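**Student:** quick one: sequence and predicted model below, then my questions.
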Amino acid sequence: MSTPAITTEAAAEVEVAETAAPRKSASSAAKNSLTGWAASLVALVIAVLWTLPTFGLLLSSFRPEDQVKSDGWWNIFTHPSFTLKNYSDVLSGGSGGAGLGTSFVNSVVITLPAVLIPISLATLAAYAFAWMKFKGRDTLFVAVFALQIVPIQVTLVPLLTLYTQPPGFLPALGGRDAPAGGLYGLWMSHTIFALPLAIFLLHNFMREIPGELIESARVDGAGHVQIFTRIMLPLMAPAIAAFGIFQFLWVWNDLLVAKVFSSPQLQPMTVQLQLLVGERGQDWQLLASGAFVSLALPLVVFLALQRYFVRGLLAGSVKG
Amino acid sequence: MSTPEKLLQMVIAIAIFYAVVAGILLATQFFKSKTGERIQAAAFLLPSLALIGLGLLYPAVLTAWQSLHGGSNIFVQEFVGLDNYKTLFTNSQELEVLRNTLLWVVLTPIVSTGIGLVYAVLVDRAPFEKFYKALLFLPMAISMVGASIIWKFMYDYKAGDQTQIGFLNQLLVWLHLDTYNFLLKDPWNTLFLIVILVWIQAGFAMTLLSASIKAIPEDMLEAARLDGASGFKIFRHITVPSIRPTLIVVLTTITIATLKVFDIVQTATGGNFNTSVLAYEFYRQNFVANNQGLATAIAVVIFLLVVPIVIYNIRQMRKLEAR
């Protein structure tokens, strides 16, 4: 940024015109300041800041316990020694282990239905809102849309009561005697929290599909169900995938819903890890390897399906 | 439950669900009359609407109602009017929570968006752009619990004469400074917790802003360059105005996420050392202190804070989409 042109910002536009004379040097300076060494240095510093913490913990997860506890991970370069014991310790149950293997299974069992069910329901509802005609459609859609602003916190307490003391003859979905250890309550909660946003987004994507396509299919005698399964679903695949990735990340990484609704035997990895921090906060070899066990799957999904990400990005972060 | 049992339960649940959906589709597929279409619409919509009504609308109303109740006996809730809200806004401990929340909500969006923007501009069209971006973006896939562990390790504290295992304190030692207990000392510890969320959110900001920067017409930039505008001027007078709508969407989106942050406080400090925020205080009052009245009042306050931001955010997003 060594151009003499920068004096005051207010007069900048005038100055741009005035300094047009030494064209070549100024333009190359402009280029330099963006791609030059100073810019590269700043970018490099940020990149290192964003990578170093994860890198340090990753290295520590492979170091023997006594070394993790006695000196910093940067010493691994002068005294390299690696072990996989931390990972077997953190995965195994029993007295010495942290039982994260079990909670990995729990995370999978919680996440899969909690992704598939809301997306399927939302696709159906979004189709009805987008292409079916019935009275009060628009009002209903606005209502669903508006409900996405309800924070999870607002619903947790009454929902928990509903699960543990359901009205009438309905089976309890929470509490000690719940079927499948309360899994149904967890799946249902995640489904409920995902629906408004999922319906809204999928509806928007569906409206982008040209109406003539639907109309001509109807003229040819296709019903809504045929149009939905044969035309809409294939066309919607990328949008469904985009939302699916985010719902996956959201459920997999969720702590609050799991803490409130899951029974001790069904705690996912986030809950188990958080408890581990409280109980064995100085056992960094376990915390490090545990953190990376929980990171592995989302990172793989993330890297493999990155191209769907930007589209679903806004969706994922407004949620909850 | 054993692992095979859990997996079996999962498979059964998914199978039942899809059997029901397939049943609905099969049963309604032949309707083509007007009434038929209404039945179809109901079949497509009712499962979702019932869940939303039962799981969002009804609980939200109940929570608002409950926030007006309280008293010392948790089994007999009595009507207390706005007392819970009064406690929230007068009790010194709760005021600290509000102060911390304010810090989070102001700092997180600004700092993460700022870093994301600077980084997006700097690596734009640089060699290895994709790789550079992935580095900033990866924390997005990490759970807040995982991120908190990663940073807790960075912040780890040992007295100055001992060997450090936390990197930041080692840096202080290398600089011949005294070591510092990052997560213990109030009020700065809240700032160090905010760093964790900034670390997660900057990648989100960077990705959206980068896409927006790439959409700026090339001839506009070229014209500015020919006129001799410096890099900084191009940034200030062309880049920033062009991406303003995206900037607002990013800022508001991060603000909303920040208001609901619970995981980081729970994992990193457990809400101790004066680091609690509204979303954490809600959990603590409800499940630890058993003060449901205050908890629900906090939930309502979160809701009231989120609403205007969400509405503004959605309006801006609409504008973005319309362009």
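**Tutor:** Sure, I can see it.

**Student:** contacting residues around residue 271?
**Tutor:** Because you didn't say which chain, this covers chain A. A:Ser103, A:Leu255, A:Ala258, A:Lys259, A:Ser262 (CB atoms under 8 Å, 6 or more residues apart in numbering or on different chains). Where you see a C-beta, it was placed from the backbone N, CA and C, and this is true even at glycine.

**Student:** I was thinking of chain B, sorry if that wasn't clear
**Tutor:** B:Gly271 is in contact with B:Val265, B:Tyr280, B:Glu281, B:Arg284, counting by CB under 8 Å, 6+ apart.

**Student:** secondary structure element for it?
**Tutor:** Under the criterion DSSP states H and E, no helix or strand holds B:Gly271.

**Student:** the closest residue to it other than its chain neighbours: neighbour count?
**Tutor:** Sequence neighbours aside, B:Tyr280 is the residue nearest to B:Gly271 in space, at 5.0 Å (criterion: CB to CB, 6 or more residues apart in numbering or on different chains). The number of residues packed near B:Tyr280 is 24, by other CB atoms under 10 Å in any protein chain shown.

**Student:** switch the contacts of B:Gly271 over to TSV; also include secondary structure.
**Tutor:** Shown next, in TSV, are the contacts of B:Gly271 (DSSP: H, G, I helix; E, B strand; the rest coil):
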residue	secondary structure
B:Val265	helix
B:Tyr280	helix
B:Glu281	helix
B:Arg284	helix
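
**Student:** among the residues you listed, find me the one that's closest to B:Thr63.
**Tutor:** Distance to B:Thr63 across the contacts of B:Gly271 (CB to CB) is lowest for B:Glu281, with 15.1 Å.

**Student:** now do the SS call for the spatially closest residue to the closest one that is not a sequence neighbour.
**Tutor:** Closest residue in space to B:Glu281, ignoring its immediate chain neighbours: B:Val97 at 4.8 Å, by CB to CB, 6+ apart. B:Val97 falls in the helix class when you classify it by three-state DSSP.

**Student:** which regions of chain B lie under the pLDDT threshold?
**Tutor:** B:71-76, B:321-323 (pLDDT under 70).

**Student:** host element of residue 146?
**Tutor:** Because you didn't say which chain, this covers chain A. Going by DSSP H and E, A:Ala146 is part of helix A:137-147.

**Student:** ah, I was thinking of chain B
**Tutor:** helix B:144-155.

**Student:** can I get that helix in CSV? Just the C-alpha atoms.
**Tutor:** Provided in CSV are the C-alpha atoms of helix B:144-155 (Å, rounded to 0.1, in the frame of the first residue of the first chain):
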residue,chain,number,x,y,z
MET,B,144,-18.5,-26.5,19.2
VAL,B,145,-17.6,-29.1,21.8
GLY,B,146,-14.7,-30.2,19.7
ALA,B,147,-13.6,-26.6,19.0
SER,B,148,-13.8,-25.8,22.7
ILE,B,149,-11.5,-28.8,23.5
ILE,B,150,-9.1,-27.6,20.8
TRP,B,151,-8.9,-24.1,22.3
LYS,B,152,-8.9,-25.2,25.9
PHE,B,153,-5.7,-27.0,25.0
MET,B,154,-4.3,-23.8,23.5
TYR,B,155,-5.2,-21.9,26.7
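
**Student:** tell me which residues in the helix or strand just after that helix are buried?
**Tutor:** Using DSSP H and E, the helix or strand that directly follows helix B:144-155 along the chain is helix B:167-174. Burial within helix B:167-174, assessed by neighbour count using 16 or more other CB atoms under 10 Å in any protein chain shown, is assigned to B:Phe167, B:Leu168, B:Asn169, B:Gln170, B:Val173.

**Student:** what about the helix holding B:Gly146, near chain A?
**Tutor:** Yes: contact of helix B:144-155 with chain A (CB under 8 Å from any CB of the partner chain) involves B:Met144, B:Val145, B:Gly146, B:Ser148, B:Ile149, B:Ile150, B:Trp151, B:Lys152, B:Phe153, B:Met154.

**Student:** and for stretch B:162-177?
**Tutor:** Yes: applying CB under 8 Å from any CB, one finds stretch B:162-177 in contact with chain A at B:Thr163, B:Gln164, B:Ile165, B:Gly166, B:Phe167, B:Gln170.

**Student:** and what of stretch B:208-223?
**Tutor:** Yes: using CB under 8 Å from any CB, a contact is recorded between stretch B:208-223 and chain A, made by B:Leu208, B:Ala211.

**Student:** what ranges do the helices span in the stretch 51-200 of chain B?
**Tutor:** Assigned by DSSP state H, counting those that start in this stretch, the stretch 51-200 of chain B shows helices spanning B:58-66, B:83-90, B:92-123, B:129-137, B:144-155, B:167-174, B:188-214.

**Student:** buried stuff in the helix holding B:Gly146?
**Tutor:** Buried-residue list, helix B:144-155, by 16+ other CB under 10 Å: B:Met144, B:Val145, B:Gly146, B:Ala147, B:Ser148, B:Ile149, B:Ile150, B:Trp151, B:Lys152, B:Phe153, B:Met154, B:Tyr155.

**Student:** residue contacts, the fifth one?
**Tutor:** Okay, so that is B:Ser148. A:Val277, B:Ile196, B:Asp263, B:Ile264, B:Thr267, B:Ala268 are the contacts of B:Ser148 under CB under 8 Å, 6+ apart.

**Student:** ok, now with 6 Å
**Tutor:** B:Ile196, B:Ile264, B:Thr267, B:Ala268 (CB atoms under 6 Å, 6 or more residues apart in numbering or on different chains).

**Student:** nearest residue to A:Ile209 in space, ignoring adjacent ones along the chain?
**Tutor:** In space, A:Ile209 is closest to A:Leu235, 5.8 Å off (CB to CB, 6+ apart).

**Student:** distance check, that neighbour against A:Ile214.
**Tutor:** 11 Å (CB to CB, to the nearest Å).

**Student:** now do A:Gln148
**Tutor:** For A:Gln148, the distance to A:Ile214 - CB to CB - is 26 Å.

**Student:** about what we covered before: for the helix holding A:Ala146, give the mean pLDDT please.
**Tutor:** For helix A:137-147, the mean per-residue pLDDT is 89.

**Student:** which elements pack onto it?
**Tutor:** Using 3 or more CB pairs under 6 Å, 6 or more residues apart in numbering or on different chains; DSSP states H and E, the elements in contact with helix A:137-147 are helix A:183-207.
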